[in-house]
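Colleague: A predicted structure for the sequence below; I have some questions about it.
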Amino acid sequence: MAPAYLIGNLQITDPARFQQYREPVEVQLARVGARFLVRGGAVTAVEGDPGLHRLIVIAFPDMTTLRTRHDSDDYAPLIRLRQSASTGWFTLAEGYAPAG
């Protein structure tokens with residue numbers, strides 16, 4: 001089974017409101033075995049301008065776990081909260097699982 005990644009690029013517009021999002025999200029992620037690989041550290045473009053601000057990469061055990069968590073009723077209000085405190089985008093990417 002291949003891991004899956006949630007990759008995002010955010011620009012925080014309301015830090016206090018965004019903090020209200022972060023805390024419950026951390027609990028949800030831990031509950032499903034997800035972990036941050038990249039979380040807002042320095043980003044240096046070496047070719048082109050990808051327009052990155054706060055880069056986030058979260059590893060999930062597999063795409064089913066990622067989709068189930070992302071599409072859950074528990075996460076829906078947090079999406080709205082995040083969107084009210086930031087601008088940006090997220091994408092889901094299936095990882096690589098080497099053969100046997």
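Modeller: It's in. Values in this document were obtained by computation on a predicted structure and should not be read as measured data.
Colleague: C-alpha from now on. contacts and neighbour counts both.
Modeller: Noted.
Colleague: check which element follows the helix ranked longest in the chain along the chain.
Modeller: When the chain is parsed with DSSP state H, its longest helix is helix 15-31. For helix 15-31, the succeeding helix or strand toward the C-terminus, using DSSP states H and E, is strand 35-39.
Colleague: was I right about residue 8 contacting residue 91?
Modeller: Yes - using Cα atoms under 8 Å, residue 8 is in contact with residue 91, at 6.3 Å.
Colleague: strands of this protein, start to end?
Modeller: 4-12, 35-39, 54-60, 86-94 (DSSP state E).
Colleague: who wins for proximity to residue 66 among those strands?
Modeller: strand 54-60 (5.9 Å; Cα to Cα).
Colleague: quick check: angle from the closest one to strand 35-39?
Modeller: 160 degrees (axes from the mean of the first three to the mean of the last three Cα atoms, to 10 degrees).
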